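Enquirer: structure for this input, please:
(one chain, ligands or ions: 2)
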Amino acid sequence: MAEDTPQPVEKPAKIRLTDIAQRYKTRDIDVLALTDVNLEIAQGEFLVLLGPSGCGKTTLLRIIAGLLRSTGGSVEVSGQQLWNGRERNDAVMQELGVVFQDANLFPWMTIEDNIALPLKLRGVPKAERRRRAGELCELVGIKGFEKRWPRELSGGMRQRAAIARALSCKPQILLMDEPFGALDAMTRDQMNLELQRIWIESGCTVILVTHSIREAVFLADRVLLLSPRPGRMDTLTSIDIERPRSIYVQSTPEFQKHELELRQRLDSFA
Ligand code: ADP
Ligand code: MG
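Expert: Ligands and ions are numbered 1, 2, ... in the order given. Below is the predicted model of the structure:
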């Protein structure tokens, strides 16, 4: 009998994008929004998508989230295709949590019910939902606000609730589209710190879209800069700054060098 040959222990990419392209075409418009995106995102990586307005960041995130089937190329998550023809792979969708710029909480539901809604939709019993919502409120720093209404919370707190909701089904991948874009600068710094902590604690793979260079350098393992439309991969920058990063890291030469290089590259597009 043949002996088992040892298999190489190479960890597969968590997300693999191959030749992604997106053309928006209707009777009146024909826009090539994205083209030639080829990228592997490792398990547990924090990737930031940066680029000028209209370069296709949201489009790319929606493609990875399975909300849009790209007109070209393919998305693989945990070794499985996200789409089989027109069929979306629901097993893959279970691994994803999504956060948008607006918290999009239901105003007629308490914070707890909003956070636990995805669990309710999956038939998780009420007592368990409550327990899990309590845990998540603690994780995102809004413990004690479980029974409040969304309107009673500040913008930053509502965004924390939206993150908690996205994490409720324990996604392996968290996708965020300018989640802090509507917040003031100080709240935003605070949320960046909190997100870093949540990411470290959860071990998720994160893809975050922003147009803030500072936010990108602060949070990212790698920053993918997209060119103006049609969005292409312009530069991919590794940010090798030790974790956890404090806000003061922003005044170090290493941080500022990355910030300046990205700023100059972005300015060169204008
Ligand atoms: P970003 O998030 O980087 O600002 P988007 O992904 O929203 O960019 O948009 C990229 C380009 O695609 C823009 O030119 C935008 O106008 C166009 N676009 C986005 N969504 C649609 C759509 N549903 N139909 C037609 N064009 C679209
Ligand atoms: Mg956008």
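
Enquirer: the nearest residue to residue 230 once chain neighbours are set aside bridge partners, please.
Expert: Distance criterion Cβ to Cβ, 6 or more residues apart in numbering; nearest residue to residue 230, sequence neighbours excluded, is residue 32 at 4.3 Å. Glycine gets a C-beta too; all of them are placed from N, C-alpha and C. Beta bridges link residue 32 to residue 23, judged by DSSP bridges.

Enquirer: spit out the contact partners of residue 32.
Expert: For residue 32, the contacting residues are 21-23, 229-230, taking Cβ atoms under 8 Å, 6 or more residues apart in numbering as the criterion.

Enquirer: same check, this time on residue 203
Expert: Taking Cβ under 8 Å, 6+ apart as the criterion, residue 203 is in contact with residue 44.

Enquirer: where are the low-confidence patches of the chain?
Expert: Within the chain, the stretches with pLDDT under 70 are 1-12.

Enquirer: quickly list the domain ranges of it.
Expert: Split into domains by automatic domain parsing, the chain comes to 2-95+171-267, 104-170.

Enquirer: give me the neighbour count for residue 235.
Expert: Burial of residue 235 is recorded as 13 neighbouring residues (other Cβ atoms under 10 Å).

Enquirer: in three-state terms, label it for me.
Expert: Applying DSSP: H, G, I helix; E, B strand; the rest coil to residue 235 yields a three-state assignment of strand.

Enquirer: with adjacent residues omitted, what lies nearest to it?
Expert: Using Cβ to Cβ, 6+ apart and skipping the chain neighbours, the partner closest in space to residue 235 is residue 225 (4.7 Å).

Enquirer: helices or strands up against the host helix or strand of the one you found?
Expert: Using DSSP states H and E, residue 225 sits in strand 222-226. Here strand 222-226 touches strand 46-50, strand 233-238, helix 253-269, going by 3 or more Cβ pairs under 8 Å, 6 or more residues apart in numbering; DSSP states H and E.

Enquirer: so which of those is the most packed in?
Expert: For the helices and strands packed on strand 222-226, the stretch with the most neighbours on average is strand 46-50, a mean of 25; neighbours defined as mean count of other Cβ atoms under 10 Å.

Enquirer: what's the next secondary structure element after it?
Expert: Beyond strand 46-50 on the C-terminal side, the first helix or strand identified by DSSP H and E is helix 57-64.

Enquirer: circling back to that earlier point, now distance to ligand 1 too, for the helices and strands packed on strand 222-226, in a markdown table please.
Expert: Written out in a markdown table, the entries for those read as follows (distance: least, Cβ to the nearest ligand atom, whole Å):
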| stretch | distance to ligand 1 |
| --- | --- |
| strand 46-50 | 8 |
| strand 233-238 | 13 |
| helix 253-269 | 12 |
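
Enquirer: put together JSON lines for the ones you listed, with distance to residue 158 on each row.
Expert: Listed next are those as JSON lines, based on distance: least, Cβ to Cβ, whole Å:
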{"stretch": "strand 46-50", "distance to residue 158": "22"}
{"stretch": "strand 233-238", "distance to residue 158": "31"}
{"stretch": "helix 253-269", "distance to residue 158": "29"}
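
Enquirer: how about those, which one is nearest residue 133?
Expert: Smallest distance to residue 133 across the helices and strands packed on strand 222-226 (Cβ to Cβ): 25.4 Å, for strand 46-50.
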